[in-house]
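Trainee: give me coordinates for this.
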Amino acid sequence: MDELTNPLLNKKYTRRKVLGLGLLGTLLLTGGFSIIPTGELLAKGMEEEVEHQTTKTKLRPTPEKWSDNEVTVAWLGHASFLINFFGTKILIDPALGSRIGITPIADQTIGPRRYISAALTSGEVGPVDLLLLSHAHTDHFDYPTLRQLQSQSTIAVTAKNTTPLWQGLKFQSIEEMHWRDTKFLAGVNVKAIEGKHWGARLPWDKGMEANSLLLSKNGVNILFGGDTGYTDLIKQQLNGIPIDLAIMGIAAYSPKSFEARHATPEQAWKMAEDMSSQWIIPMHWGTFKLSNEPMAEPIARFRQAAAGQIEKVALQEVGASWVLPH
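Mentor: As a prediction, the model looks like this:
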């Protein structure tokens with residue numbers, strides 16, 4: 001294929017231009033400025049981008065029916081989660097549009113198209129009490145979605161040195177959290193945890209961090225791993241706190257150099273086991289093509305790693321909801 005069509009801009013590009021756009025997009029999306037993909041990888045990824053279509057999710061959460069006396073979790077796709085935490089409505093890393101990437105013109109995003117639609121639109125999510133952004137990479141920090149979610153009733157939490165990215169966005173407050181910071185927000189204890197990732201939006205934003213997040217309320221503890229390579233740093237910072245649910249990324253580990261920033265499925269399972277989590281949700285797979293492994297490989301390997309304990313896996317399908325057992 002010597003010429004490709006950009007479906008968003010309705011323009012045709014030679015393979016050389018596609019590789020250039022693909023390289024820029026991949027680096028901006030994943031923060032992989034020190035991990036340069038090969039030209040062959042980019043060509044393959046961009047050809048798949050043109051060819052695939054977005055599948056509509058079969059499941060749709062119904063948060064209007066959730067009980068404030070329970071903990072209910074819904075996977076909206078990729079790293080986006082909606083949680084009712086005993087009456088506190090929490091949204092994590094929302095990227096709910098048809099694409100993720102850069103937005104050079106208004107809210108027209110240039111970047112990978114979804115393989116499966118978001119389970120809810122921003123309008124269907126509605127105002128939330130807490131909006132948590134783990135870091136500034138564009139598959140977690142999506143400007144079009146954030147603009148649609150603006151609300152004076154919402155407290156936003158962001159990683160260290162990322163507050164300037166929120167300029168022009170209107171929320172009740174923007175709470176910047178450094179590793180090991182703890183804040184009581186909307187009835188929830190939120191602790192920023194250091195994992196093994198970096199959060200620079202652009203290569204010169206060296207001070208921008210990436211957070212894992214510990215959420216605690218009424219004796220229940222949820223660990224949102226965010227993006228992280230394999231590390232025992234998270235377990236060390238938990239200081240023996242029992243984890244009821246660990247939400248862990250399982251994809252974007254190929255080529256091998258990507259493992260420095262993203263755990264393999266086996267490593268994600270081991271980290272959850274090391275923190276003695278009762279339940280685990282695998283995320284960051286099946287929605288966007290951000291790396292070289294086949295789209296279905298991460299969940300297949302994760303299920304194999306969980307063999308014999310698959311009942312501990314709470315959710316595996318975009319749009320599914322789960323209630324923490326009493």
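Trainee: endpoint to endpoint, stretch 241-261 covers what distance?
Mentor: End-to-end distance for stretch 241-261: 25 Å, by CA to CA, to the nearest Å.
Trainee: from the chain's centroid, how far away is it?
Mentor: 11 Å (CA atoms, centre = their mean, to the nearest Å).
Trainee: quick one: mean pLDDT for it?
Mentor: Mean pLDDT, computed over stretch 241-261, is 95.
Trainee: now do the buried residues in it.
Mentor: 243-254, 258-259, 261 (16 or more other CB atoms under 10 Å). In this view, the C-beta of every residue, glycine as well, is placed from N, C-alpha and C.
Trainee: go on, stretch 267-276?
Mentor: Counting neighbours by 16+ other CB under 10 Å, the buried set in stretch 267-276 is 267-272, 275.
Trainee: where does pLDDT dip in the stretch 51-200 of the chain?
Mentor: 51, 105-107 (pLDDT under 70).
Trainee: do a quick rundown of the helices in it.
Mentor: Ranges of helices in the stretch 51-200 of the chain, per DSSP state H, counting those that start in this stretch, are 122-125, 143-149.
Trainee: pick the most buried one from the ones you listed.
Mentor: The highest average neighbour count among the helices of the stretch 51-200 of the chain, using mean count of other CB atoms under 10 Å, belongs to helix 143-149 at a mean of 19.
Trainee: what residues does the strand ranked longest in the chain touch?
Mentor: Secondary structure of the chain per DSSP state E: the longest strand is strand 151-159. Strand 151-159 has contacts (CB atoms under 8 Å, 6 or more residues apart in numbering) with 127-136, 165-166, 169-177, 183, 185-186, 190, 192, 199, 208-211, 213.
Trainee: restricted to strands, list those residues.
Mentor: 130-132, 171-177, 183, 185, 190, 192, 211, 213.
Trainee: and those residues, which are buried?
Mentor: The buried subset of those - by 16+ other CB under 10 Å - is 130-132, 171, 174-177, 185, 190, 192, 211, 213.
Trainee: for these, which one is nearest L96?
Mentor: Distance to L96 across those (CB to CB) is lowest for L131, with 12.3 Å.
Trainee: state the distance from that closest one to T162.
Mentor: Distance from L131 to T162, counting by CB to CB, to the nearest Å: 13 Å.
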